[in-house]
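> Just need the structure, nothing else, for what follows:
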Amino acid sequence: MLSATDLGLTVSTMSTTLGILWFDASEISLDACIIQMFFLHGFTCMECGVLVAMAFDRYVAICDPLRYTTILTNSRIIQLGLLICTRSVVLIVPLLLLLKPLYFCRMNVLSHSYCYHVDVIKLACSDVWANSIYGLIGLILTTGIDTPCIILSYVLIIRSVLSITSPEERHKVFSTCVSHIGAVAIFYLPMISLSLVHRYGRSAPKVVHSMMANVYLLLPPVLNPIIYSVKTKQIRKAVLNLILTK
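Here you go, the predicted structure:
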């Protein structure tokens, strides 16, 4: 699921990014922009949900290992995936429908190589109060809920691990969480940085906005496969076999 969302984030911006780099295609219609935002923000919301599901997976594996297979059955994992997808669609569609009535009365230049909701509404000549309020509500219902859930899961994990007397066992348990902690860090840190640049860095050069936007989208898909290849024995073994056989 994490791989699918990473690929979705990359593919959703590939058309405009490659168009700019290869063909100097510097224009996009509002409808095409809205479609791109649906996939971009939808996959971003899905990745938030996947990271929460992975945190729950680590919590069950460490704090209640004997019931792991009965709690996280295949059917329950499918239900979690459907819930994550449904939440993304329900939250993103109204956000984009509110863009249609907006009026853009001048030459508009986006800060990024793709359409980003905060970037687009700044260019509108009409009132964007409803867009800003709903965007804030959507942020609270995703990041505002998901982040405390991830933190809570690790508080419970740490409490459980500290009760283990053997240092070797503690290290072994903590090492199973390193990959997920890395995935959370490389997803949330660029996203928070981009939000801060949009909110407080209006006087910053455009290259800063563009660089942060590309880091936000490219860093997780590039680093997640490396993190999980290095830390997961099965993946590491498969990659080494693939390299050695060639």
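> residues of the helix or strand containing I158 that come out buried?
I158 is part of helix 129-162, with elements assigned from DSSP states H and E. For helix 129-162, burial by neighbour count (16 or more other CB atoms under 10 Å) applies to 131, 134-135, 138, 142-143, 146-147, 149-150, 153-154, 157, 161. C-beta here means a position set from N, CA and C on the backbone, and glycine is covered the same way.
> average pLDDT across that helix?
For helix 129-162, the mean per-residue pLDDT is 90.
> which other residues reach stretch 83-99?
Residues outside stretch 83-99 that contact it (CB atoms under 8 Å, 6 or more residues apart in numbering): 1, 30, 34, 37-38, 41-43, 45-46, 49-50, 53, 117, 120-121, 130-131, 134-135, 138, 141-142.
> typo on my end, it should be stretch 159-175
By CB under 8 Å, 6+ apart, the residues outside stretch 159-175 that reach it are 62-63, 157, 231.
> List the buried residues for that stretch?
Quick answer for stretch 159-175 (16+ other CB under 10 Å): 161, 173.
> Might you quantify the distance of that stretch from its chain's geometric centre?
29 Å (CA atoms, centre = their mean, to the nearest Å).
> Compute the first-to-last residue distance for it.
End-to-end distance for stretch 159-175, by CA to CA, to the nearest Å: 15 Å.
> How is the nearest residue to I227 once chain neighbours are set aside classified with respect to secondary structure?
Spatial nearest neighbour of I227, excluding adjacent residues (CB to CB, 6 or more residues apart in numbering): G182 at 4.6 Å. Recorded secondary structure, G182: helix (DSSP: H, G, I helix; E, B strand; the rest coil).
> Ok, S126 next?
coil.
> In the protein, what residue spans correspond to helices?
Under the criterion DSSP state H, the chain contains helices at 2-23, 30-63, 68-71, 74-97, 117-121, 129-162, 167-175, 178-200, 206-231, 233-245.
> what does the shortest one contact?
By CB under 8 Å, 6+ apart, the list of residues contacting helix 68-71 from outside reads 60-61, 64.
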